[in-house]
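Colleague: Structure for this input, please:
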Amino acid sequence: MKYRHILIGLNLFLLLTFPATLVAAQGGTTVNWAPKGNKSNSEYLEIKKFPTDPLSKFGMMGDVWTEPSSGMEFVWVEGGCFTMGNTAGKGDSDEQQHQVCLDGYWIGKYEVTQAEWSRIMGRNPSEQRGDRYPVEMVSWYDAKSFVKRLNAKGTGYFALPSEAQWEYAARSRGRDDRFPGGSDPNQVAWFTPTSGNRKHEVGTKAPNHLGIHDMAGNVWEWCEDVYNASAYSRHSGKNPVFTGSGSDRVERGGSYRSGDASIRSANRFKAAPGKSYNNLGFRVVRTR
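Modeller: So this is what the prediction gives:
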């Protein structure tokens, strides 16, 4: 105990004497010291606890976790509240603005690839083949089967993203980005002007501000929700998922065959859950 007190005292002395970042040897605690101007020291003392369990749902912005059985990489999305719907102008009538709050979650850094799908499902249904290409020709039910098998691995609880989770991540925690990553779709999306009318390997366009790739273009992405044009007016304010009336399921993000209107962050589309297409895939979230 005596030596621990000496160590703590030494760390505090160094912290207050030198502009630096000190990392304690135990407990995963990082102390950041960033002096600015003439403000008091206490305003710049920031202490952050890192999770001790690498499979914990709790993370920090910028953290990436790899699911061991599939190799899928996940980016941590800190929870918060945002205005969901069309906030960037030139939207559609089913994109009504409303306030939504979400708990934090992990989301796939990329669309599920054909290699990742094959490791879990043992077959590859895709039309345009390649390990690093997004899996396609999968129905909503197929995607749900993939999630069920992934959950059986025991590495966490996985699901298709809700519409709210998808849009919050696409807009980098609720920024007013017309496209996931900013205002220039050419930088972030494989779509009609850039794709050459074909799909591309995941991660070959710039990511959004959270480090998530291909949320615009390449392939559409299934979401958990039932599609209903008035779903937003029925959303709960906390972690909404619409499961009410409607026969179709939501898809988001646009594809390599889409124009810029379809790859907008707020754009909503739909398809029958039993249908599969060569421009429709998905990504996965982890909530615990």
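Colleague: Could you grab the helix/strand/coil label for the residue nearest to residue 162 when sequence neighbours are not counted?
Modeller: Distance criterion CB to CB, 6 or more residues apart in numbering; nearest residue to residue 162, sequence neighbours excluded, is residue 241 at 4.4 Å. C-beta coordinates here come from the backbone N, C-alpha and C atoms, glycine included. Secondary structure state of residue 241, per DSSP: H, G, I helix; E, B strand; the rest coil, is coil.
Colleague: what does residue 65 give?
Modeller: Following three-state DSSP, we place residue 65 in the strand state.
Colleague: Excluding sequence neighbours, find me the nearest residue to it.
Modeller: When the adjacent residues along the chain are set aside, residue 65 lies closest to residue 74, with 4.8 Å between them (CB to CB, 6+ apart).
Colleague: what about the one you found, which helix or strand?
Modeller: Element membership for residue 74 (DSSP states H and E) is strand 73-77.
Colleague: so which helix or strand takes in residue 120?
Modeller: Going by DSSP H and E, residue 120 is part of helix 114-121.
Colleague: what does that helix rub up against?
Modeller: Residues external to helix 114-121 that are found in contact with it (CB atoms under 8 Å, 6 or more residues apart in numbering): 69-72, 124, 126, 129-135, 138, 145-146, 149-150.
Colleague: could you redo the last one with a cut-off of 6 Å?
Modeller: With contact meaning CB atoms under 6 Å, 6 or more residues apart in numbering, helix 114-121 is reached by 70, 71, 72, 124, 126, 131, 133, 135, 146, 149, 150.
Colleague: now the third one: how far from residue 113?
Modeller: Translated: residue 72. According to CB to CB, to the nearest Å, residue 72 and residue 113 sit 8 Å apart.
Colleague: follow-up on the earlier one: so the residue nearest to residue 65 makes contact with residue 106?
Modeller: Yes - with contact defined as CB atoms under 6 Å, residue 74 reaches residue 106; the gap is 3.8 Å.
Colleague: Tell me the residues that contact both of those two, please.
Modeller: Between them, residue 74 and residue 106 have residue 286 as joint contacts when contacts are counted by CB under 6 Å, 6+ apart.
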